[in-house]
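1. Next one to model:
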Amino acid sequence: MLYRLSPRLCLRSRFRPYRARRGERVVVLDAARVFPPGHPTTRLCLDLLAATLKDRPAASLLDLGCGSGVLALAAAALGVPQVTAVDLSRRAARLTRANACRNGWAGRVQVVQGTSACLAGSFEVIAANLPWAVQLAEAPTLMRLVAPGGTLILSGFRDVQEAALAERYRVGGWEIVVRVTGDEWPHTLPPEGSFTWAAWRLRQRRLRGQDEAEQASARLGTDSEEKPDLPVPDNRPGRPETANSLRK
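-> Now for the predicted structure:
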C-alpha cells in the first residue's frame, strides 16, 4: 500500500519502499493478516476523513473495526488529539497498538479489543468501515455514540446495499451529505451483484423548526441594528413651514 492523503501526508505498508519528500509525514503500517489497508473502502474512508477534518477539525474520533488502525493513525496524523480504535479481533487490536507505537502515537491512540458495547461517552467523528450486515446492526449504537453536531463516516457495503441502511439512518434523523464510490474488479461477479463500493459522510438532519428559528433570529438581529438618524422637522412657531405642517 502507498497512498498520499495530502501533499504533506503519505501512508505506506511497512515493506513498501518509499522516499519521503521534504516536509512530508509518512505513516508506516503493518497489516499482516488483517483487513487490507489498501482496500477500496479504506481509501474511500480516508478521503472522506481528510475532507471532514479539513472542513472542521475534531477533538475526538472513534475508529470502529479498526483492523490495522489505518483510519485511527490517519486521524492522529491529521491532528485529532484523542483517537480511540476498537476491534473485536485480538490480532487487529495488537497490530493497531504496534502501529501506533511505531509512528509515535502510543499516547494519543487508545486501542481497545472488544465491541461497541464497551464504549461510553461520545465522539465528534466516528469512522466505521464494516460489512453491510454489521452496519445494519451497529446503526443505533453509532447514532448514540456520536456527539451532537458530529459526523459519521461509513463504508464496507456495495452500492446495491445502500437503500436499507440509508433508510435506517433517515428514520434515526440522519442524512447523507457526501457519497463517494469506488470500483473493484475481481475475476467473478461478487455475491452482492455489483463491483462498486460506497462510502458516506452523514450528519444529523436539521429539523424544520430549527431552520425557521435560526432564520427568525437572523432577521431579528438585522432589524435591531442601529439605523441612521433622520432629520426631524421643526414646526415650532417662527420656523418655516414644513411638508408636515402643510398637510394639516
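2. Quick check: the residue nearest to residue 108 when sequence neighbours are not counted vs residue 184, distance?
-> Sequence neighbours aside, residue 76 is the residue nearest to residue 108 in space, at 5.2 Å (criterion: Cβ to Cβ, 6 or more residues apart in numbering). To be clear about C-beta, it is placed using only N, CA and C from the backbone, and glycine gets the same treatment. Residue 76 sits at a distance of 27 Å from residue 184 (criterion: Cβ to Cβ, to the nearest Å).
3. circling back: check what contacts the helix or strand hosting the residue nearest to residue 108 and list those residues.
-> If you go by DSSP states H and E, residue 76 is part of helix 70-77. Identification of contacts with helix 70-77 by Cβ atoms under 8 Å, 6 or more residues apart in numbering yields 5, 9, 11, 25, 27, 29, 31, 37, 42, 45-46, 49-50, 53, 58, 61, 63, 66, 83-85, 96, 99-100, 103, 105, 108-109, 111, 125, 127, 129.
4. Mind jotting down where the strands sit in this structure?
-> Assigned by DSSP state E, the chain shows strands spanning 2-6, 9-13, 25-29, 60-64, 82-87, 109-113, 123-129, 146-158, 174-183, 196-204.
5. will you turn the ones you listed into a markdown table that also has mean neighbour count and mean pLDDT?
-> Output for the strands of the chain, formatted as a markdown table (neighbours: other Cβ atoms under 10 Å; pLDDT from 0 to 100):
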| stretch | mean neighbour count | mean pLDDT |
| --- | --- | --- |
| strand 2-6 | 15 | 89 |
| strand 9-13 | 20 | 91 |
| strand 25-29 | 19 | 93 |
| strand 60-64 | 27 | 98 |
| strand 82-87 | 24 | 98 |
| strand 109-113 | 20 | 97 |
| strand 123-129 | 26 | 98 |
| strand 146-158 | 21 | 97 |
| strand 174-183 | 15 | 96 |
| strand 196-204 | 21 | 97 |
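6. more neighbours, residue 76 and residue 184?
-> residue 76 (22 against 13; other Cβ atoms under 10 Å).
7. so what pLDDT did the more buried one get?
-> Note for residue 76: predicted pLDDT of 97.
8. try residue 18
-> Reading off the confidence values, residue 18 has pLDDT 86.
9. Provide a list of residues in contact with it.
-> Residues in contact with residue 18 (Cβ under 8 Å, 6+ apart) are 2, 10, 12, 26.
10. which non-adjacent residue is nearest residue 97?
-> Leaving aside its sequence neighbours, residue 97 sits nearest to residue 111 (Cβ to Cβ, 6+ apart; 4.4 Å).
11. Could you pull up the contacting residues of the one you found?
-> Contacts of residue 111 (Cβ under 8 Å, 6+ apart): 66, 69, 72, 84-86, 93, 96-97, 100.
12. Just list whatever residues bridge to it.
-> Taking DSSP bridges, one obtains residue 85 as the residues bridged to residue 111.
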